[in-house]
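In: Sharing a sequence plus its predicted fold:
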Amino acid sequence: MAIEKVDYQNFPNCLQISNEEVEIVVTTNIGARILRYGFTGGENILGEHFDARVQTNLGEWKPYGGHRLWIAPENMPNSYAPDDKPVEYEQINEFSARLAQSIEAATNAQKEMTITLDATGNGVTISHKLTNHDDAEMSAAAWAITIMRGGGEALIPREPFAPYSHDTLLPVR
């Protein structure tokens, strides 16, 4: 299979990454955001909230659903900067694409995702990158958030437990 340009749920200019088992749809008109993940021809397991709107100090924010990269800890404006502008994208190979949003005016941060679908099976690797383009330091962490469709369950593998050390803190809890 290959990456195709498709329309999805009134979102034109999406990229569909698929193999013979599953498909992923990412939008390039907003984001960077994954709108769909599901078995080929099956239901989307990601939550869809395309009509939801929230008024914030930065204007109207739309949660949309799916999967996106936020800035933690949750606060205004970092977490709620609208992701409503087109993204730059690049096809890396037939199963992988990189999406980068423009630098956010409110935070001077740039969010980027590289999405890679396994050639067979249903595995996906999503690499997230958060870049501070400001002269000042930013105290933040990359926070990948996925909204799931109601009524299902997600099984997420965990790394083996590692105790804290004086040298490093590892996200293996």
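Out: The structure has been received and is ready for your questions. These figures come from a predicted structure and were not determined experimentally. Residues are numbered from 1 along each chain as shown.
In: middle-most residue in the chain, spatially?
Out: The residue lying closest to the centre of the chain (CA atoms, centre = their mean) is Arg68, at 2.8 Å.
In: quick one: the nearest residue to that one once chain neighbours are set aside from Phe161, how far?
Out: Nearest residue to Arg68, sequence neighbours excluded (CB to CB, 6 or more residues apart in numbering): Arg33, at 4.7 Å. Yep, even glycine has a C-beta here, placed from its N, CA and C like the rest. The spacing between Arg33 and Phe161, counted by CB to CB, to the nearest Å, is 32 Å.
In: Those two - which one has more neighbours?
Out: Neighbours were counted for Arg33 and for Phe161 using other CB atoms under 10 Å; Arg33 has more, 25 against 8.
In: pLDDT score for Glu159?
Out: What the model reports as pLDDT for Glu159 is 75.
In: Please work out how many residues are found near it.
Out: If you count neighbours by other CB under 10 Å, Glu159 ends up with 9.
In: Going forward, count from 421.
Out: OK, 421 is where the count begins now, so the last one is Glu579.
In: elements contacting the helix or strand that contains the residue nearest to the centre of the chain?
Out: For Arg488, the host element (DSSP states H and E) is strand 487-492. Judged by 3 or more CB pairs under 8 Å, 6 or more residues apart in numbering; DSSP states H and E, strand 487-492 is in contact with strand 453-459, strand 529-537, strand 544-552, strand 561-566.
In: picking that back up, ok, the residue nearest to the centre of the chain - contacts?
Out: Taking CB atoms under 8 Å, 6 or more residues apart in numbering, we find Arg488 in contact with Gly451, Ala452, Arg453, Ile454, Asp503, Lys531, Ala564, Ile565.
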